[in-house]
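no sequence for this one, just the structure:
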Ligand code: URP
Ligand code: ZN
Ligand code: ZN
């Protein structure tokens, strides 16, 4: 089966030019001017941009906070209509069990035959027994060459201490595993949280007060020192503030292999959203917390100048009506609100409208941040690029569409969107997943189970210097 996309502007991380894209079966066969292919379905992409399918390396379909769980892979068609064709899910190691077996069990029951885009996994080490540390290199053999540790969330089973992080860095580098951290000082948050609650400051806004930028900066710096001692690369997920950014940049400039991402919501929302009336602030409780305008601008500059190399969603499908209300009422506080917000569907839309259209990043930079670099970080050597031999994950993007983001038109399966009412310029009109059209006229037309497991190779881009 062949598809020939003609006359579009092909955008890659390196640049853009008018070119045709030829898909044969599941792969890209050619990219160039004046391509022909007898018998191919021809799509005229005049006036449109042709982008690689997005790679979202930070997704939570299985995150459980205080007993409340997010929506799962059955909502992954939301990624497809948003132009994302590969998702990488964080799987918390089950206590008393192995890293690989936890992922494999979860994969079989919750992803295989359900996912509507391609998928892979990061392990999250929660139970750092000596035999688990020894197991870390096996993640590379299993095709999952990344592992995260949560420095935040004191008292939760997934919180990690420094000894676990140091050992993970040391062991991980033997096999080319990229160690990732959620960098926030758990003790600082814990003390501040208790003090705020004692003062009766329990509403959603105080979530931000309990974890100011210094909390993130301290943990980021500490993780960088741990990486220095281990002489290993480090990847800092969801960098949100100037201070943490300065730590990442300074370490990189000193010659350390320190890399990081930010997420769409930190670029367009801010802490004033946490103060919305009628308990709506709870919709915006995520960690690290939303910041202020000056941090937002610093993040835009950082993604433009390559100080951060990816923009992810950190998607967490918790409902407002039930789950986000867990912190509401007598004896409850912001600390009981499940952390995280849904944003799977709108990552590209937000980046295009508020990044490209507002002149903050180029289209090429967008492609690098939302597809090419995250594929490389995770060792996905067939994803994130429009070039011969790569998987035919392709987005035909209509830049002329104008609309408004609303929960009414999204597929995330959650009762709110943090971007409700945001204007949207442009949209993915047609999306191919390994050569199969799964979005047509901006509507999902694929099937449950279209997504396949993709395995990553170790020694991803964080190791390449
Ligand atoms: O608030 C967030 N980000 N929730 C999901 C888990 C995490 O911290 O990444
Ligand atoms: Zn996190
Ligand atoms: Zn996360």
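Sure, I can see it. Note that the structure is predicted; figures quoted are calculated from it, not measured. Ligands and ions are numbered 1, 2, ... in the order given.

all helices for the stretch 351-465 of the chain, in order.
Counting by DSSP state H, counting those that start in this stretch, the stretch 351-465 of the chain has helices at residues 363-367, 373-377.

which neighbouring elements make contact with the first one?
Helices and strands touching helix 363-367, as assessed by 3 or more CB pairs under 8 Å, 6 or more residues apart in numbering; DSSP states H and E, comprise strand 2-11, strand 49-52. Where you see a C-beta, it was placed from the backbone N, CA and C, and this is true even at glycine.

any idea which helix is longest in this protein?
helix 213-230 (DSSP state H).

does that one reach ligand 1?
No: residues of helix 213-230 contacting ligand 1 under CB under 6 Å from any ligand atom: none, with a closest distance of 11.6 Å.

which positions in that helix come out as buried?
Buried residues in helix 213-230, counted by 16 or more other CB atoms under 10 Å: 213, 215-228, 230.

same deal with stretch 65-85?
Going by neighbour count (16+ other CB under 10 Å), the buried part of stretch 65-85 is 65, 68, 70-73, 75-85.

columns distance to residue 111 on top of the helices of the stretch 351-465 of the chain, output as CSV?
CSV is the format used below for the helices of the stretch 351-465 of the chain (distance: least, CB to CB, whole Å):
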stretch, distance to residue 111
helix 363-367, 26
helix 373-377, 18
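
need the strands for the stretch 351-465 of the chain, in chain order.
In the stretch 351-465 of the chain, the segments counted as strands under DSSP state E, counting those that start in this stretch are 394-404, 423-433, 436-440, 443-444.

between those strands, which one is closest to ligand 1.
Each of those was scored for nearness to ligand 1 using CB to the nearest ligand atom, and the closest is strand 423-433 (23.4 Å).

partner strands of that closest one, parallel or antiparallel?
According to DSSP bridges, strand 423-433 forms sheet pairs with strand 394-404 (antiparallel), strand 436-440 (antiparallel).

compare these and report which one is nearest to residue 281.
Set against residue 281 and scored by CB to CB, the strands paired with strand 423-433 come closest in strand 394-404, at 21.7 Å.

hmm, residue 323 is touching residue 71, no?
No: counting by CB atoms under 8 Å, residue 71 is not a contact partner of residue 323; they are 10.0 Å apart.

quick one: neighbours of the residue in the stretch 101-250 of the chain positioned nearest to ligand 1, just the number.
At 4.9 Å from ligand 1, residue 182 is the closest residue in the stretch 101-250 of the chain, using CB to the nearest ligand atom. Around residue 182 there are 26 other residues, counting by other CB atoms under 10 Å.

show me what contacts the residue nearest to it when sequence neighbours are not counted?
Excluding the flanking residues, the one nearest residue 182 by CB to CB, 6 or more residues apart in numbering is residue 150, at 4.7 Å. For residue 150, the contacting residues are 124, 156, 158-160, 181-182, by CB atoms under 8 Å, 6 or more residues apart in numbering.

change it to 10 Å
By CB atoms under 10 Å, 6 or more residues apart in numbering, the contact list for residue 150 reads 90, 92, 124-126, 156-160, 164-165, 180-184, 186, 237, 287.

next one: residue 396
5, 8, 21, 43-45, 48-51, 83, 428-432, 437, 439-440.

switch to 8 Å and redo it
Applying CB under 8 Å, 6+ apart, we find residue 396 in contact with 5, 8, 43, 45, 48-50, 428-431.

which of those ranks first by neighbour count?
residue 431 leads these on contacts (other CB under 10 Å) with 30 neighbours.

beta partners of the residue lying closest to that one once chain neighbours are set aside?
Leaving aside its sequence neighbours, residue 431 sits nearest to residue 439 (CB to CB, 6+ apart; 3.7 Å). Beta-bridge pairing for residue 439 (DSSP bridges): residue 431, residue 444.

for residue 439, grab the count of nearby residues.
For residue 439, the tally of surrounding residues (other CB under 10 Å) stands at 24.

hang on, the earlier thing: turn the strands of the stretch 351-465 of the chain into a markdown table, columns for distance to residue 199 and mean pLDDT.
A markdown table is the format used below for the strands of the stretch 351-465 of the chain (distance: least, CB to CB, whole Å; pLDDT from 0 to 100):
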| stretch | distance to residue 199 | mean pLDDT |
| --- | --- | --- |
| strand 394-404 | 39 | 98 |
| strand 423-433 | 39 | 98 |
| strand 436-440 | 49 | 98 |
| strand 443-444 | 47 | 98 |
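
pick the most deeply packed of those strands.
Highest mean neighbour count among those (mean count of other CB atoms under 10 Å): strand 423-433, with a mean of 22.

what's the angle between it and strand 2-11?
Strand 423-433 and strand 2-11 are oriented at 140 degrees to each other (axes from the mean of the first three to the mean of the last three CA atoms, to 10 degrees).

contacts only, for the closest residue to residue 451 other than its chain neighbours.
Residue nearest to residue 451 in three dimensions, not counting chain neighbours: residue 115, with 3.2 Å by CB to CB, 6+ apart. The contact partners of residue 115, taken as CB under 8 Å, 6+ apart, are 73, 76, 87, 449-452.

what sits against residue 405?
346, 349, 417, 419-424.

beyond the lowest-mean-pLDDT helix or strand in the chain, next helix or strand please.
Ranking every helix and strand in the chain by mean pLDDT, DSSP states H and E puts strand 64-65 at the bottom, with a mean of 94. Next in sequence after strand 64-65, counting helices and strands by DSSP states H and E, comes strand 68-69.

would you map out the domains in the protein?
What automatic domain parsing lists as the domains of the chain is 2-51+386-403+423-444, 57-381.

what does the stretch 301-450 of the chain have sitting close to ligand 1?
314, 316, 339-340.

where does the stretch 351-465 of the chain dip in pLDDT?
465 (pLDDT under 70).

indicate the residue of it located nearest to ligand 1.
Closest contact between the stretch 351-465 of the chain and ligand 1, by CB to the nearest ligand atom, is at residue 418 (11.5 Å).

what's the closest non-adjacent residue to that residue?
Nearest residue to residue 418 in three dimensions, chain neighbours excluded: residue 341, at 4.5 Å (CB to CB, 6+ apart).
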